[in-house]
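>>> I would like the atomic coordinates for the input below:
(one chain, ligands or ions: 2)
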Amino acid sequence: MSDALANQIAAGEVIQRPASVVKELVENSVDAGADEITVNIKDAGRTLVQVIDNGCGMSPADARMSFERHATSKIYTSDDLFCICTKGFRGEALASIAAVAEVELKTRREEDSIGTQVIINGSQFVGQNPVSTLVGTNFSVKNLFFNVPARRKFLKSNSTELQHIVSEFHRIVLTHPNISFSLYHNGTLIYNLPQSNLKQRIVNVFGKTLNQELIPVEIDTSIVKITGFTGKPSSSKKRSDKEFFFVNSRFMKSQYFHRAVALAYEKLVYPDCVPPYFLYFEIDPHNIDVNVHPTKTEVNFENASDVFRLLQAGIRETLSKCDVAPAIDFDSEVGDIEMPYFSKDDPMPPMPKVNFNPFYNPFEHDSEENHYSKAPSVPERDRNNLDNWQQLYSGAGLHAEDSDLSGHNGIFSGKVENRLIQVKNKYIVSPSKSGIMVIDQRRAHKRVLYQKYIEKVDSNVDSVQTLLYPIKLNLDVASYAMAYDIRDEFQVVGFDMEFDDNNVVIIKGIPPFLSPDAATAVVNDIIVSYQEGHGNVSTSIKDILAIAASNRELIPNEKSLTPEEMRQLIDSLFATNAPNFSPEGDPVVVIIGLDELEKRFS
Ligand code: ADP
Ligand code: MG
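Residues are numbered from 1 along each chain as shown. Ligands and ions are numbered 1, 2, ... in the order given. The predicted structure is shown next:
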């Protein structure tokens, strides 16, 4: 295999779009010790990505060498620690970029009186010459994918590509407030970010209105140190581009920790809304596993569940100190016991979050309280190994000799099921500490399904399942026009659609988690949602898709449930991050308080 071809294949992995070029080049500039970095973009990066820095520069030999694969100057000195201190360490980026674009590099070190220029087109070395240039490095990447038409065609609209560039830019500038950055698009200055402290940097990037909204966070524990800022509840939004985690100065994507933050804000904000947050983790690099794949931003934590708890509790405490979290808490009225997680087939992160005890029996004053308040908080990994309830509650005062808890099958036949009553095949009723809890079972199910799908949607952005047999969809004129209008949105969440004449849409690919059988109905639902005006700022395509996918699995209007099903449903409901509301914002849980009951009986 020729080097050029190998590079092109590697490029497919590393360089997916103009934003990847921006990321790699700017990260190199950061690694080169620059404190001033300028990014010039033309046509969303299709025509030009130029990055100019005042870093250490390169010698003529190094400049030429830098395009060789594995030509990194960084890996040789690397131990675990080093890996996460510099950005790149695979020495692949420049070779990959040069394989799929026309690249001009101008660079000079401080000690050299004259700089050097290297030109490479599609891995072909064109020439190297002395050139007069400032100290530092100046990369121009032109006509990206000029030699890979399929990939060039694959690029999205300019606004989408620019959006990707801007979000890469955000990730980098928020990690390095001590470096000044500017970003130009087609000659217009979009960002001008002077060196500053972190808070000023955030405000400079996202606007002055954020200034009053940011609460400093400082969580200092032996496991992890978390600093940064989080927004007041009033600043929360349904769709936000201001949610950032960084670990050891690298951007990190984490649905899991996002949930910890969301939980800390639970009931302080409207369902599904989250505040902006900018949280920086410092952790012993040996306790994390940074995925070395250059385009991946996931990080594995060895003690993720501990960090989750610390984060949630820390944010909650930060909020209460700032007087933005009210003292009353619905959950604590029902019982402030941490429910260990035990749902069998639900793959959601098993985090203790629910201070709700569905087994609470107000008629058992003698023992109940003790049983559950002593429930051990079982570490996550142990929990996964538990296969029955006795183990789960061992030490909780429940013993095998307690007749109705002995034996696997006896578990639900005794005390538990009696506390869940189904009414009209619609509602699940259960006593609670403060009265009677009534749950709308269908809305509860909807919330559970929505949670499942929104996580899938979020983790599958831009991935497509290509259909063996494309689906032909005949639409009416209006639906066709709407579908065409929102084709970018469809694409974002993984639909590959072709728009034929005659109001026919051909679905060639669908999100990986959807079954082909569901595709037509889901697409129709999405179109209708947009026609009804749901596709506005407050509801994103992701929500709409998650709701549409949920609808396919939703239990019928009235359905008889077994006690086990009811219990599962309630467990899953309270494991979601907004159990009290359906995805559409309708109440799921109603508590009829003791006051109310007493009033009725008087
Ligand atoms: P990596 O960053 O993984 O080392 P790259 O392909 O991104 O690999 O870069 C290859 C090498 O080129 C780097 O190791 C570095 O020595 C050099 N280099 C790249 N960009 C710059 C820059 N802006 N300033 C100085 N040296 C650079
Ligand atoms: Mg690099």
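
>>> Just give the number of residues close to the residue nearest to F490 when sequence neighbours are not counted.
Distances taken as C-beta to C-beta, 6 or more residues apart in numbering put M497 closest to F490, at 5.8 Å, once the chain neighbours are dropped. C-beta: built from backbone N, CA, C; applies to glycine. Counted by other C-beta atoms under 10 Å, the residues lying close to M497 total 20.

>>> Can you name the residues that contact M497?
Residues in contact with M497, defined by C-beta atoms under 8 Å, 6 or more residues apart in numbering, are A483, R487, F490, Q491, V505, I506, I507, K508, V523.

>>> Ok, L467 next?
Neighbours of L467 in contact, by C-beta under 8 Å, 6+ apart: I507, K508, G509, I510, P516, A519.

>>> Kindly reformat the residues you listed as a markdown table and extend each row with neighbour count, secondary structure and pLDDT.
Output for these, formatted as a markdown table (neighbours: other C-beta atoms under 10 Å; DSSP: H, G, I helix; E, B strand; the rest coil; pLDDT from 0 to 100):
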| residue | neighbour count | secondary structure | pLDDT |
| --- | --- | --- | --- |
| I507 | 21 | strand | 95 |
| K508 | 15 | strand | 95 |
| G509 | 18 | strand | 94 |
| I510 | 25 | strand | 95 |
| P516 | 14 | helix | 90 |
| A519 | 21 | helix | 92 |
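
>>> and which of these is nearest D62?
For the contacts of L467, the minimum distance to D62 (C-beta to C-beta) is 43.3 Å, reached by G509.

>>> so the closest one sits right up against F495, yeah?
Yes - between G509 and F495 there is a contact under C-beta atoms under 8 Å: 6.6 Å.

>>> okay, and the common contacts of those two?
Common neighbours of G509 and F495, using C-beta under 8 Å, 6+ apart, are V464.

>>> quick one: secondary structure of the closest residue to ligand 1 within the stretch 401-550 of the chain?
Closest approach between the stretch 401-550 of the chain and ligand 1, counting by C-beta to the nearest ligand atom: D462, at 23.2 Å. Three-state assignment for D462 (DSSP: H, G, I helix; E, B strand; the rest coil): coil.

>>> which ones among the contacts of M497 are found in strands?
Using DSSP state E, the members of those that fall in strands are V505, I506, I507, K508.

>>> Report the two of these separated the most.
V505 and K508, at 9.9 Å, using C-beta to C-beta across the ones in strands among the contacts of M497.

>>> Next, show the common contact partners of the two.
With C-beta under 8 Å, 6+ apart as the test, V505 and K508 both reach M497, E498.

>>> Ranking helices and strands of the protein by mean pLDDT, which lands last?
Least confident element among the helices and strands of the chain, by mean pLDDT, DSSP states H and E: helix 389-392 (a mean of 32).

>>> what's the burial count for the residue nearest to G494 when sequence neighbours are not counted?
Excluding the flanking residues, the one nearest G494 by C-beta to C-beta, 6+ apart is P511, at 3.5 Å. Neighbourhood size, P511 [other C-beta under 10 Å]: 23.

>>> For P511, give me its contacts.
Listed by C-beta under 8 Å, 6+ apart, the contact set of P511 reads K456, V457, N460, S463, V464, Q465, V493, G494, F495, L545.

>>> Can you flag which of the residues you listed belong to strands?
Those of these mapping onto strands are Q465, per DSSP E.

>>> mind listing what's buried in stretch 191-207?
Residues of stretch 191-207 classed as buried by neighbour count (16 or more other C-beta atoms under 10 Å): Y191, L193, L198, K199, R201, I202, V203, N204, V205, F206.

>>> pLDDT of it, averaged?
Averaging pLDDT along stretch 191-207 gives 94.

>>> coming back round to it: of all the contacts of L467, which comes closest to ligand 2?
Taking C-beta to the ion as the measure, G509 is the one of those closest to ligand 2, at 31.9 Å.

>>> Look up how far P511 lies from the nearest residue to that closest one once chain neighbours are set aside.
Excluding the flanking residues, the one nearest G509 by C-beta to C-beta, 6+ apart is D496, at 3.1 Å. Per C-beta to C-beta, to the nearest Å, D496 is found 10 Å from P511.

>>> what sits in contact with each of those two?
Counting by C-beta under 8 Å, 6+ apart, the residues touching both D496 and P511 are V464.

>>> circling back to that earlier point, can I have the buried ones of the contacts of M497 as a PyMOL selection?
Applied in PyMOL, the following selects the buried portion of these according to 16+ other C-beta under 10 Å:
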select buried, resi 483+487+490+491+505+507+523
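
>>> State the distance from the residue minimising distance to the centre of the chain to V274.
By C-alpha atoms, centre = their mean, the chain has its centre lying nearest to Q255, at 4.1 Å. As judged by C-beta to C-beta, Q255 and V274 stand 12 Å apart.

>>> cool, and P470?
Plainly put, P470 is 37 Å away from V274 if you go by C-beta to C-beta.

>>> of the two, who's got more company?
Comparing P470 with V274 by other C-beta under 10 Å, the one with more neighbours is V274, at 24 against 16.

>>> Does the more buried one have any beta-bridge partners, and if so which?
Here V274 shows beta-bridge partners K237, assigned using DSSP bridges.

>>> Touching, it and K237? I think so.
Yes - with contact defined as C-beta under 8 Å, V274 reaches K237; the gap is 7.3 Å.

>>> tell me the contacts of the closest residue to ligand 2 within the stretch 301-450 of the chain?
With C-beta to the ion, the shortest gap between the stretch 301-450 of the chain and ligand 2 falls at F301, namely 24.6 Å. The contact partners of F301, taken as C-beta under 8 Å, 6+ apart, are I283, N287, I288, D289, V307.

>>> Give the burial count for the last one, as a bare number.
Using other C-beta under 10 Å, V307 has 26 neighbouring residues.

>>> quick one, what contacts F499?
When contacts are counted by C-beta under 8 Å, 6+ apart, F499 touches Y480, A483, Y484, R487, V505.

>>> could you redo the last one with a cut-off of 6 Å?
The neighbourhood of F499, defined by C-beta atoms under 6 Å, 6 or more residues apart in numbering, consists of Y484, V505.

>>> what about F574, how many residues close to it?
F574, neighbours per other C-beta under 10 Å, totals 23.

>>> Then Y270?
For Y270, the neighbour count with other C-beta under 10 Å is 16.

>>> Single out the residue in the stretch 501-602 of the chain that lies closest to ligand 2.
The minimum distance from the stretch 501-602 of the chain to ligand 2, using C-beta to the ion, falls at P512 (29.9 Å).

>>> how near is that residue to V461?
Distance from P512 to V461, counting by C-beta to C-beta: 11 Å.

>>> quick one: stretch 138-147 near ligand 2?
No - interface with ligand 2: stretch 138-147 contributes nothing (C-beta under 5 Å from the ion), its closest point being 11.0 Å away.

>>> Let me see the domain layout of this protein.
Domains of the chain are assigned by automatic domain parsing as 3-193, 206-321, 382-602.

>>> Fine by me, thanks again.
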